[in-house]
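Peer 1: Any chance you could fold what I've pasted below:
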Amino acid sequence: MAAMKGLTVFIADMRKCRSREEEERRVNKELANIRTKFKDNSLNGYNRKKYVCKLVYMSLLGYDVNFGHREAVELINSSKYSEKQVGYLAVTLVVPEESDFLRMVVGAMRRDIHDTNEFNVCLALNAIANLGAREIASALTPDIFMQLVSSASSVFAKKKAALCLLRLLRRHPDAVNSHEWATRVIPYMGHRDIGVTMSVTSLVTALAQQYPDEMRKAGAFAVRRLKSLVIDNSYSMDYMYYNVPVPWLQIKFLRLLQYFPAPENPELRMQLLDILRHIIDVSQEPQRDLQQMNAQYSILFEAINLGIELDIDQGLMQECAVLLGKFITSRETNVRYLGLETMAHLAAYIENLDAVKTYQGVIIQSLRDRDVSVRRRALDLLYSMCDVSNAKMIVSELLRHMAVADFALREEMALKVAILTEKYATEYSWYVDVMMRLLSLAGDHMGDEVWHRVVQVILGNEELQTYACKISLQTLKAPVCHESAFKVSAYVLGEFGHLIANAEDCAPIDQLKALQAKMPATSVSGRNVALTTIAKFINLFPEIKSLCLRILDRYRNALDAELQQRACEYYALGTLENEDLLPTVFEEMPPFPDRQSALMSRLLKKEADTEDQRTWVFGGREINRERKMHTPSTPTTPRPPELPEPASPQAPASPQQPAEDLAVRKSKRHYTRLLWENDGILFDGDEIQVGLVSQFKAPAGRVGVFLGNKATAPLSDISVQAIAQDMNLAIAQAANQDPLPSALMPLGQVRLFFDIACKNAFAQPPLLRITYNIAGSSSTVELQMPVTVTHFMDPVTISVGDFFARWKQLGEGDVGEAQSVISMPFLKTDQAGMQWLRSVVGGVGFALINGADPEPDNIVGVGIVSSESARFGCLVRAEPKKEHGMTRFTVRSTNADIAKVALANIAMIVESK
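Peer 2: Here you go, the predicted structure:
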């Protein structure tokens, strides 16, 4: 691209700026100049390109560029390559994905895809892949596919088309109709050009994860192509990398084959086995340099992973285990890492773990490796190779290592120790001892799921309860007791303390004193559990009833609301004349029903997502067998692509979850209503309901958030945060409020108030983030709060003449104008439609000026937005056409963001009717 002098000078000026304020003045001056230039209809292509490049540069610096989109589209339509290139660059970097201008680009992209000029084709494909918009994917996928399969397409264009389809498939799998063309791309894995083959293989790998049965032909293609590369040595010397033929393509084929079962054809099966043996044999040969070793090892590890997945030769697996044993003792960190990860894969599939257990000492030693990634893989391998025979040794080593482990590893290590202890415990005493020690060592790094699970296990095993009571009392009598261990001990004694009441030093008074001694040092949630235990003691041990009531009476004046409520209610129960109620209320808890451990669910959630789905997870053969049984072999018939919906204030739900889509649509409707009303529901889900009440007096405001529990189980660990997404908006929790309760019972409700201050005009509303735990599972809900800059607008009444003078003044300055034509079909038939439209304009914050417009049906209004740093005037004009069912809205303001936000709010309200 030829240098543009104006752009070069502007960049030089920006680099000379010594302060942020000086830079902003230079940017504002240039923006004003560009706006003026864009009004010139005689602007030539060179200058348009230059000014759009300046906008792109300012956008990259972080400045909000909300104009020039039309000029970028015009550059795309240009016949000159340099102008078209800048246009596509601007659309990719500056134009937001939800902009209406992208619809104008679709036609130009289609023309360029079918252009005979290879460079124009590649420009369009690059832009489509980078944008990745749903509407573009739905409209242009057939054209991109035709570019891939067309005989007239160049090799370079075919590679771009395959990668573009891969990007759209990963971004919007339901919008590309992949089931219609998936099998037709398989033959291009045998293309004469290696680059096309690699691109298509990446696409086929993604398709194989969706349609494993339909794409099985690709497995035969991959085997034959691998055979030609590895066995027959059929390849071009141009693709020889340090004496390794096309290593990248070999790796892609080997990875693709992992998504299919072993070939049923005996010939293909034998060819695949020969390929794997040849790769392993070649890896034994001495390598000349590091690059050759890296390439060869990359292929070898992928071949071993394939052999593990297919499990077609036990002798081969034993040989792989020996090889991996060498790799985990290598001096190269990368080789040790890959060796540990691949051995964990092996341990997740083979029935006899003796080959892996041979290296147990080396693996334990790897927990002390210098590299944290190697330590993590060693932990994963120990977790996968654990069984009844070595569980005690592995658990004891992990507990010993936990005291010196990295903080980033402790939570995961604690979860895995808890799971292994429960899974392989053969002695009740060992389980209790390990879990109490674990809670004491790593209680700060674990969630409540761990101690909840310990309680569930103890409740479900009668043989465990007596011993658990003794250990719980010992834990409370120890000099130091972690809070999680305190909660378990308190709960267990409250349920089963009577089982040890006659033992030495375990009398009821001893249990009460041990519990009371540790209560002051625990948190509010710990004291809540302890108060419940003391109330149960009243029922279990009548001889210490007076002491228990005295403790409860002391907490009746506690500052914490829940603590006080528990103490008052338990005291009232304990002092009732009718003693029949107390045993009924504090009846022994029944065993919990059998279900998947919450610890396992949490651990599986921590598995990292990748672009390609993993074919296995850490945890041994059993969990991987269950995972494959619950994974459908073929997906259901794909739904037809949905039309893109308008941008929602909430994050869009996955297309595979129609129930969540419905929730998002409901939330959008609630959000829209709160744009012009002061109170109402913001979110109505299956578990929680969120309501809002707001009051604004510019430039400040207060918003109250009401959180209700709609579930049948209590919510715990509740957190409600309001986060400003714009530096010109300040939001903070109001002072002098009660803290959120540790648990919110079903049908219960809590409230929290936030103070808001408008520092200057802002474009992004704040974010409301709600997190909570329910039934051992953590959930997060993120919502946009209906707080926009128009909420700080005060209606102002001016004379009829002053309105249009001010309207004309703002129009000439072009400081900030936003305009849109919105369909309103109800105006044709609804007599009250015009009155409703007037109430909407007034509800947004404008004062209606009656009789100001020559057209009697037109609506005009005036408002002033007040911030801490400045005040901004804002005018609106609505021009309805009843006969056409359309209304043109125009908003002018002294600030462009305010005009855009005001128009967007009105449009969202009108479109929701």
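Peer 1: quick one: average confidence on stretch 744-763?
Peer 2: Averaged over stretch 744-763, pLDDT sits at 88.
Peer 1: Check the separation of the first and last residues in that stretch.
Peer 2: With Cα to Cα, to the nearest Å as the measure, stretch 744-763 spans 35 Å from end to end.
Peer 1: Output the contacting helices and strands for the longest helix along the chain.
Peer 2: In the chain, taking DSSP state H as the definition, the longest helix is helix 290-310. Contacting helix 290-310 under the criterion 3 or more Cβ pairs under 8 Å, 6 or more residues apart in numbering; DSSP states H and E are the following elements: strand 244-245, helix 247-257, helix 266-283, helix 314-327, helix 333-347. For glycine as for every other residue, the C-beta is placed from the backbone atoms N, C-alpha and C.
Peer 1: How far off centre is that helix?
Peer 2: 32 Å (Cα atoms, centre = their mean, to the nearest Å).
Peer 1: which residues of the stretch 201-350 of the chain score low on pLDDT?
Peer 2: The stretch 201-350 of the chain contains residues with pLDDT under 70 at 312-313.
Peer 1: Swap in 80 and give it another go.
Peer 2: Along the stretch 201-350 of the chain, the model assigns pLDDT under 80 to residues 235, 284-289, 311-318, 349-350.
Peer 1: what about the helices and strands packed on helix 290-310, which gets the closest to residue 220?
Peer 2: Nearest to residue 220 among the helices and strands packed on helix 290-310 is helix 266-283; the distance by Cβ to Cβ comes to 6.0 Å.
Peer 1: now what about that closest one, what contacts it?
Peer 2: With contact meaning Cβ atoms under 8 Å, 6 or more residues apart in numbering, helix 266-283 is reached by 220, 223-224, 226-227, 230-231, 257, 262-263, 296-297, 299-300, 303-304, 306-307, 310, 312-313, 316, 319-320, 323.
Peer 1: Of those residues, grab the buried ones for PyMOL.
Peer 2: Buried residues within the contacts of helix 266-283, by 16 or more other Cβ atoms under 10 Å, are selected in PyMOL with:
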select buried, resi 220+223+224+226+227+230+257+262+263+296+297+299+300+303+304+306+307+310+312+316+319+320+323
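Peer 1: Would you mind checking which helix or strand in the protein has the lowest mean pLDDT?
Peer 2: Lowest by mean pLDDT, DSSP states H and E among the helices and strands of the chain is helix 621-629, with a mean of 52.
Peer 1: who does residue 772 bridge with?
Peer 2: Applying DSSP bridges to residue 772 gives these bridge partners: residue 779.
Peer 1: mind listing what it touches?
Peer 2: Counting by Cβ under 8 Å, 6+ apart, residue 772 has contacts 688, 715, 716, 717, 718, 719, 744, 778, 779.
Peer 1: Sort out for me which of these are in strands.
Peer 2: Among the contacts of residue 772, the members found in strands (DSSP state E) are 688, 715, 716, 717, 718, 719, 744, 778, 779.
Peer 1: Buried ones only from these, please, as a ChimeraX command.
Peer 2: Only the buried entries of those go into this ChimeraX selection, using 16+ other Cβ under 10 Å:
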select :688,715,716,718,744,778
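Peer 1: rewinding a little: between the helices and strands packed on helix 290-310, which one is closest to residue 90.
Peer 2: helix 247-257 (33.4 Å).
Peer 1: could you say what helices and strands the closest one packs with?
Peer 2: helix 194-210, helix 217-230, helix 290-310.
Peer 1: Same list (the ones in strands among the contacts of residue 772) but as a markdown table, adding distance to residue 246.
Peer 2: Output for those, formatted as a markdown table (distance: Cβ to Cβ, whole Å):
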| residue | distance to residue 246 |
| --- | --- |
| 688 | 54 |
| 715 | 55 |
| 716 | 55 |
| 717 | 52 |
| 718 | 55 |
| 719 | 52 |
| 744 | 59 |
| 778 | 45 |
| 779 | 47 |
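Peer 1: what's the most distant pair in the ones in strands among the contacts of residue 772?
Peer 2: For the ones in strands among the contacts of residue 772, and using Cβ to Cβ, no pair is farther apart than 744 and 778, which are 14.8 Å apart.
Peer 1: Please name the nearest non-neighbouring residue to residue 353.
Peer 2: Spatially, and ignoring its direct neighbours in sequence, residue 353 is nearest to residue 385 (5.5 Å; Cβ to Cβ, 6 or more residues apart in numbering).
Peer 1: ok, the one you found - contacts?
Peer 2: Counted by Cβ under 8 Å, 6+ apart, residue 385 has contacts 344, 347, 353, 356, 357, 360, 363, 394, 620.
Peer 1: min pLDDT across these, which one?
Peer 2: Out of those, that is residue 620, at 54.
Peer 1: all helices of the stretch 551-700 of the chain, in order?
Peer 2: Ranges of helices within the stretch 551-700 of the chain are 561-574, 581-585, 598-605, 621-629, 658-674, based on DSSP state H, counting those that start in this stretch.
Peer 1: By mean pLDDT, show me the worst of these.
Peer 2: Looking at the helices of the stretch 551-700 of the chain, the bottom one is helix 621-629 with a mean of 52.
Peer 1: Residue 173 reaches residue 211, doesn't it?
Peer 2: No. Using Cβ atoms under 8 Å, residue 173 is not in contact with residue 211; the gap is 11.0 Å.
Peer 1: ok, back up a step: select, out of the helices and strands packed on helix 290-310, the one closest to residue 82.
Peer 2: Proximity to residue 82 (Cβ to Cβ) singles out helix 247-257 among the helices and strands packed on helix 290-310, at 33.2 Å.
Peer 1: got the angle between the closest one and helix 217-230?
Peer 2: If you take axes from the mean of the first three to the mean of the last three Cα atoms, to 10 degrees, helix 247-257 sits at 150 degrees to helix 217-230.
Peer 1: quick one: helix 247-257 to chain centroid distance?
Peer 2: 29 Å.
Peer 1: hmm, who's touching it?
Peer 2: Here helix 247-257 makes contact (Cβ under 8 Å, 6+ apart) with 194, 197-198, 201-202, 204-205, 208, 218-219, 222-223, 225-226, 229-230, 239, 241, 272, 295-296, 298-299, 302-303, 305-306, 309-310, 612.
Peer 1: what would the contacts of residue 385 look like in CSV with neighbour count and distance to residue 12?
Peer 2: What follows is the contacts of residue 385, written out as CSV (neighbours: other Cβ atoms under 10 Å; distance: Cβ to Cβ, whole Å):
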residue, neighbour count, distance to residue 12
344, 26, 55
347, 27, 61
353, 20, 67
356, 20, 63
357, 16, 67
360, 18, 64
363, 23, 59
394, 21, 64
620, 21, 63
